[in-house]
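Enquirer: structure for the following, please:
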Amino acid sequence: MKILIADNFEKSGIEGLQAAGCEVIHRPELKDEALTQAIAETQADVLVVRSTKVTEAMLNAGRLALVVRAGAGYNTIDVAAASRRGIYVSNCPGKNSIAVAELTMALILALDRRVPDNVAELRAGRWNKKEYSKARGLHGQTLGLLGAGNIAAEVIRRAAAFGLGVVLWSRRFDGQDRPLSEEEAQELGLAGSSAPVALAPSPAEVAARCDILSVHLALKPETKGIVDAALLAKLKPGAMVINTSRGELVDAEALAAAVQEKGLRVGLDVFGAEPAAATGEMSDPIAGLPGVYGTHHIGASTAQAQEAIAAETVRIVRTYMETGKVPNVVNLARKTPASHMLVVRHRDRPGVLAHVFEHLRAGNLNVQETENIVFEGAEAAVARINLDHAPAPAVLDEIRGGNADVIDLQLIAL
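Expert: Take a look at the predicted model:
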């Protein structure tokens, strides 16, 4: 299997793929038209990317069967185009959660103690203990979280160590206003956490209750711009806003206005208009506002996180090679349009399924999903075939009577 890696990638991951028997082509400089051309020329089976954008033209250029996002978010990949071509898209969820949670806490602490400003004054040769002795401290404050995924769970664990209470909203708990149950805490991986967690019914309610608002949501049409002027208006004067997820989740103009009008303190690892390259000019005006601290989209960029992501990428590719199944796939239909299942009990002989499918084709029936389960001894099997509509009785009769190895049929409405 041929693997094209179009981003920086850990040496351990490259060696792991080679050990699995893959031919690895590592071209981290490839972008845009150059990547499209490389996909066509290499005829790679698998494309591995981190931040590189994957377009429909790239997906159409060669014979890709799988795109692996070596990270959690996959908004840089044209998933809809991949689905149209039957290309799997997979990611590595949870592998960078600790790294992003650590940066989230670093930004909170830096804002509370104004660490970058302290450093800047010292480097300029100025001592100003009178000014920088002013800090509220975190103990007893309330951390508001938008999102309840792996990163949010890691943030909550660290919040407990600082004595922060937590108020949480996510789409899975939308509209609910109550403490998090023990069972739910366990499902979120928070069993044993000493941080008290309460659910809020809406993002706006989280903002109204918290001293620190931190965003941990995937970028989707329904979450784009979720932190808008109306939500920011609910925050207390001087509250903190942290975004280590995606820049597009926050209305940057509204946030800049709130910084100036309400004295909000802001920590950002992501911006709406980031340079495409790893280095370049940065012109987002919010980065220059007093009270705003920024980092360079480095949330997942620790050696520990990248090694874990590389290992997960190897596991995904190896599993696909060995079983044909793709772990963490993000673009399979949860429910197909199938309305009926045809269950065919048959002898495990050549031509039986070909006979079944030929009559389904003749009956203008579309097969949505199928599986064939063989019994011990390989004498008999059961095929389950999901169809877009019910076969006519005549089609069933032809299947049942046209091959002696068809034992029985059952039609189930889904």
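
Enquirer: for the closest residue to residue 180 other than its chain neighbours, give me its contacts.
Expert: Distance criterion CB to CB, 6 or more residues apart in numbering; nearest residue to residue 180, sequence neighbours excluded, is residue 197 at 4.2 Å. To be clear about C-beta, it is placed using only N, CA and C from the backbone, and glycine gets the same treatment. Contact analysis of residue 197 by CB atoms under 8 Å, 6 or more residues apart in numbering lists 156, 166-168, 179-180, 185, 190.

Enquirer: okay, now residue 56: neighbour count?
Expert: Applying other CB atoms under 10 Å, we find 13 residues neighbouring residue 56.

Enquirer: which residues touch it?
Expert: By CB under 8 Å, 6+ apart, the contact set of residue 56 is 78, 81.

Enquirer: distance of it relative to residue 273?
Expert: 23 Å (CB to CB, to the nearest Å).

Enquirer: how many neighbours does the residue nearest to residue 299 when sequence neighbours are not counted have?
Expert: Closest residue to residue 299 apart from its sequence neighbours, by CB to CB, 6+ apart: residue 100 at 4.1 Å. Residue 100: 24 surrounding residues under other CB under 10 Å.

Enquirer: quick check: bridge partners of the residue nearest to residue 180?
Expert: Applying DSSP bridges to residue 197 gives these bridge partners: residue 166.

Enquirer: what residue spans form the domains of this structure?
Expert: For the chain, the domain assignment from automatic domain parsing gives the residue ranges 2-95+304-323, 97-299, 340-413.

Enquirer: got a markdown table for those domains, with mean pLDDT too?
Expert: Output for the domains of the chain, formatted as a markdown table (pLDDT from 0 to 100):
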| stretch | mean pLDDT |
| --- | --- |
| domain 2-95+304-323 | 95 |
| domain 97-299 | 93 |
| domain 340-413 | 94 |
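
Enquirer: okay if I get these as JSON lines plus distance to residue 334?
Expert: As requested, those are arranged in JSON lines below (distance: least, CB to CB, whole Å):
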{"stretch": "domain 2-95+304-323", "distance to residue 334": "13"}
{"stretch": "domain 97-299", "distance to residue 334": "15"}
{"stretch": "domain 340-413", "distance to residue 334": "12"}
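
Enquirer: figure out which of those is closest to residue 332.
Expert: Closest to residue 332 of the domains of the chain, according to CB to CB: domain 2-95+304-323, at 7.9 Å.

Enquirer: what's the spacing between that closest one and its chain's center?
Expert: Counting by CA atoms, centre = their mean, to the nearest Å, domain 2-95+304-323 is centred 15 Å from the centre of its parent chain.

Enquirer: could you do stretch 85-100 as well?
Expert: The answer for stretch 85-100 is 5 Å, by CA atoms, centre = their mean.

Enquirer: how about it: buried residues?
Expert: Neighbour counts over stretch 85-100 (16 or more other CB atoms under 10 Å) mark 87-100 as buried.

Enquirer: got CSV for these, with distance to residue 116 too?
Expert: Formatted as CSV, those follow (distance: CB to CB, whole Å):
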residue, distance to residue 116
87, 43
88, 43
89, 38
90, 38
91, 32
92, 31
93, 31
94, 30
95, 29
96, 24
97, 25
98, 23
99, 20
100, 20
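
Enquirer: what does the helix or strand containing residue 411 rub up against?
Expert: Applying DSSP states H and E as the criterion places residue 411 in strand 406-413. Strand 406-413 has contacts (CB under 8 Å, 6+ apart) with 339-347, 352, 355-356, 380, 390-391, 396, 399-400.

Enquirer: give me the buried subset of the contacts of residue 197.
Expert: 156, 166-168, 180, 185, 190.

Enquirer: which two among the buried residues of stretch 85-100 are spaced furthest apart?
Expert: 87 and 98 (30.3 Å).

Enquirer: just to revisit the earlier point, from the contacts of strand 406-413, which ones fall inside helices?
Expert: Judged by DSSP state H, helices contain the following of the contacts of strand 406-413: 352, 355-356, 396, 399-400.

Enquirer: out of these, which is nearest to residue 138?
Expert: residue 356 (65.2 Å).
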